[in-house]
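Trainee: let's see this in three dimensions:
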Amino acid sequence: MTLYLDLLRHGETELGGGLRGSLDDALTATGWQQMREAVQGRGPWDRVLSSPLQRCARFAQELAERLQLPLSLEPDLQELHFGAWEGQSAAALMETDADDLGRFWADPYAFTPPGGEPVELFSLRVLGAIERLYQACAGQRVLLVSHGGVMRLLLARARGLPRQQLLNVEVGHGALFRLQVASEGRMSEEG
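Mentor: Okay, the predicted model is just below:
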C-alpha cells in the first residue's frame, strides 16, 4: 500500500531569510499568497498534517477548515534547530563563522552548528514521523505543510542522493512536491 504525500513549504516569513530553525515567525502577506497559489487546483487530499510552528500551522488550519479536512500538528516535522545560528543569514555567518559554515554546507551530517541539533537526529525524528504517518494513513493522499529542511531531507531520500548533497536540494518558499511512500520507508518522487 502507498501513502501519497504532498509536501508544501511555508511561504516568506516576517523576519526574512536566514536560518529560521525553531524560531516561530509569522508569514508575510506574500508568504500567505505563495502558499495559497501553490495549492490552487491541487489535491484532493484526505487530511492535512503540519509542523506546529505558526509559519506552517496557520495556513494548514485555514486550508483544512476551507476544505473540511482533518488537521494534525506534528512536532517531529519541525525544522532543524540551528542552535547559535538561529535567525542568522549565510552572509552574516560568512563574516563570523565561515569555516564552520563551509563544513556544514559540505556535509551537514558531519558538522553540527554550535548548540544545534545534529542532522542525524533530525533525520531520525522526521523519518520516524513519516513512518507513523504511513502506518496510520497508507492508501490516502496527505498534504504535509512543513519546512525547507524537512522537505530537503525527504526529497533527497526519494531521489537517492548521497547525504553530502542534502543542502543542494532546492526548495523555495511555497514550493509543492509530490512523493509516494511505500513500506519500509521507501520513497519516490511523483513527476
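
Trainee: going along the chain, name the helices of this structure.
Mentor: 29-39, 54-67, 90-96, 98-106, 119-137, 148-159 (DSSP state H).

Trainee: which of those sits most buried?
Mentor: Counting by mean count of other C-beta atoms under 10 Å, helix 148-159 has the highest mean neighbour count of those, with a mean of 22. Every residue, glycine included, has its C-beta placed from N, CA and C.

Trainee: listing request: residues of this protein with sub-threshold pLDDT.
Mentor: Along the chain, the parts satisfying pLDDT under 70 run over 191.

Trainee: re the thing from before, could you dump the helices of the chain into a markdown table with distance to residue 21 added?
Mentor: What follows is those, written out as a markdown table (distance: least, C-beta to C-beta, whole Å):
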| stretch | distance to residue 21 |
| --- | --- |
| helix 29-39 | 17 |
| helix 54-67 | 11 |
| helix 90-96 | 13 |
| helix 98-106 | 13 |
| helix 119-137 | 10 |
| helix 148-159 | 8 |
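
Trainee: let me know which of those helices is the nearest to residue 45.
Mentor: Among these, the nearest to residue 45 by C-beta to C-beta is helix 54-67 (7.2 Å).

Trainee: contacts for the closest one, please.
Mentor: Contact with helix 54-67 is made by 10-11, 13, 20, 24-27, 31-32, 35-36, 39, 43, 45, 47-51, 69-71, 73, 143, 145-147, as judged by C-beta atoms under 8 Å, 6 or more residues apart in numbering.

Trainee: now do 7 Å
Mentor: Contacts with helix 54-67, where a contact means C-beta atoms under 7 Å, 6 or more residues apart in numbering, come from 10, 13, 24-27, 32, 35, 39, 48, 50-51, 71, 73, 145-147.
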